[in-house]
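Trainee: Please work out how this folds:
(one chain, ligands or ions: 2)
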Amino acid sequence: MITATDLHKEFNGGAVKALRGVSLTIKQGSFVAIIGASGSGKSTLMNVLSGLERADSGTVVACGQDLSAMTDKQLNEFRREYVGFVFQQYYLLPHLSVEKNVRLGADLAGNKNYLREIEAVGLADKLKAMPSALSGGEQQRVCIARALAKKPQILFLDEPTGALDESTGRSVLDYIAKLKAERGFTMVMVTHNRNIADMADSVVEMNSGKIIGVTDNPSPKSAYEIGW
Ligand SMILES: Nc1ncnc2c1ncn2[C@@H]1O[C@H](COP(=O)(O)OP(=O)(O)OP(=O)(O)O)[C@@H](O)[C@H]1O
Ligand SMILES: [Mg+2]
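Mentor: Residues are numbered from 1 along each chain as shown. Ligands and ions are numbered 1, 2, ... in the order given. Alright, predicted model coming up:
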């Protein structure tokens, strides 16, 4: 469960108000999709919910812990222990191969079976490749494998299929959904693809730093049932 209360976050000395009073509850084990226009505050909200960044005011309680009251060191430990993150901009370690990037995640969880994740995202033949030799979509898939290999309790994904073609996107989403069913983690995903939001238990829509709607979805679809 994640409970955010009245989050505010500004940049550039207040010139940009990225979050303007955001409150949100995410149930344990649920899948929440966040949609909204570019610049509406989606990534900022994910960063604050996951403890990567601090809000200027407001509180975040996740996994029973008050992130807003933590020191930087405690926030680091919280993220290491509980959070998996797939970034909009990939962020792979450039000097490490595909296998080693994923192993970084796996080692944190003592996960010896991380090749399963690499295979599932279709990169078994790229184990030794360096990130600079990969396409955008391949780098994105390494990030997904790394986050899953860490066996997080909360998985945050920021546009995880933005660089993937339809067939790869569907198969990666299907694998993520299967792992979620198996492991029961909570999942928060930013997507500009409203079809993908049909897979979620609930859809949060943002506009100009605010939540303008939350829609519960009584019958989420599978990755192969949604439009694209
Ligand atoms: N580090 C930063 N410094 C200055 N401004 C920032 C920073 N991060 C975000 N912003 C601004 O805050 C606002 C919200 O940005 P955010 O990245 O959260 O939007 P987004 O909804 O994720 O957009 P997109 O769909 O394009 O990824 C934007 O106006 C953006 O320019
Ligand atoms: Mg963003």
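Trainee: Residue 48: how many residues sit nearby?
Mentor: 25 (other CB atoms under 10 Å). Heads up, the C-betas are built off the backbone N, CA and C, glycines and all.
Trainee: Could you pull up phi and psi at it?
Mentor: phi -70, psi -40 (degrees, to the nearest 10).
Trainee: excluding its backbone neighbours, what's nearest it?
Mentor: Using CB to CB, 6 or more residues apart in numbering and skipping the chain neighbours, the partner closest in space to residue 48 is residue 55 (4.9 Å).
Trainee: residues contacting the one you found?
Mentor: Residues in contact with residue 55 (CB atoms under 8 Å, 6 or more residues apart in numbering) are 7-9, 19, 48, 68.
Trainee: what about 6 Å?
Mentor: 7, 9, 48 (CB atoms under 6 Å, 6 or more residues apart in numbering).
Trainee: how near is it to residue 138?
Mentor: 34 Å (CB to CB, to the nearest Å).
Trainee: And the helix or strand harbouring residue 196, what's buried?
Mentor: Assigning secondary structure by DSSP states H and E places residue 196 in helix 194-197. Using 16 or more other CB atoms under 10 Å as the test for burial, helix 194-197 gives 196-197.
Trainee: who touches the very next helix or strand once past it?
Mentor: Counting by DSSP H and E, the element after helix 194-197 in chain order, helix or strand, is strand 202-207. With contacts defined as CB under 6 Å, 6+ apart, strand 202-207 is touched by 32-36, 40-42, 197, 211-216.
Trainee: Strand 202-207 and ligand 1, any residue contact?
Mentor: No - judged by CB under 6 Å from any ligand atom, strand 202-207 and ligand 1 are separated, with a smallest distance of 6.6 Å.
Trainee: Helices along the chain, start to end?
Mentor: Assigned by DSSP state H, the chain shows helices spanning 42-49, 72-82, 98-108, 115-120, 136-149, 166-183, 194-197.
Trainee: which one of the ones you listed lies closest to ligand 1?
Mentor: Closest of the helices of the chain to ligand 1 is helix 42-49, at 3.2 Å (criterion: CB to the nearest ligand atom).
Trainee: ok and that closest one relative to strand 202-207, angle-wise?
Mentor: Going by axes from the mean of the first three to the mean of the last three CA atoms, to 10 degrees, helix 42-49 is angled at 120 degrees with respect to strand 202-207.
Trainee: Could you tell me which of the contacts of strand 202-207 count as buried?
Mentor: Buried among the contacts of strand 202-207 by 16+ other CB under 10 Å: 32-36, 40-42, 197, 211.
Trainee: and the residues you listed, which of them are in strands?
Mentor: Among the buried ones among the contacts of strand 202-207, the members falling in strands (DSSP state E) are 32-36, 211.
Trainee: could the helices of the chain go into a markdown table alongside distance to residue 224?
Mentor: Listed next are those as a markdown table, based on distance: least, CB to CB, whole Å:
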| stretch | distance to residue 224 |
| --- | --- |
| helix 42-49 | 26 |
| helix 72-82 | 30 |
| helix 98-108 | 25 |
| helix 115-120 | 15 |
| helix 136-149 | 18 |
| helix 166-183 | 6 |
| helix 194-197 | 12 |
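Trainee: anything in stretch 54-62 near ligand 1?
Mentor: No - Stretch 54-62 stays clear of ligand 1 (CB under 6 Å from any ligand atom), getting no nearer than 12.2 Å.
Trainee: Output that stretch as PDB, restricted to C-alpha atoms.
Mentor: This file holds the C-alpha atoms of stretch 54-62, laid out as PDB (Å, rounded to 0.1, in the frame of the first residue of the first chain):
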ATOM      1  CA  ARG A  54      11.400  14.500  -2.100                       C
ATOM      2  CA  ALA A  55       8.300  16.500  -2.400                       C
ATOM      3  CA  ASP A  56       8.400  20.100  -1.100                       C
ATOM      4  CA  SER A  57       5.500  19.300   1.200                       C
ATOM      5  CA  GLY A  58       3.100  16.400   1.800                       C
ATOM      6  CA  THR A  59       3.700  12.900   2.900                       C
ATOM      7  CA  VAL A  60       4.300   9.500   1.300                       C
ATOM      8  CA  VAL A  61       3.800   6.300   3.300                       C
ATOM      9  CA  ALA A  62       4.900   3.100   1.500                       C
END
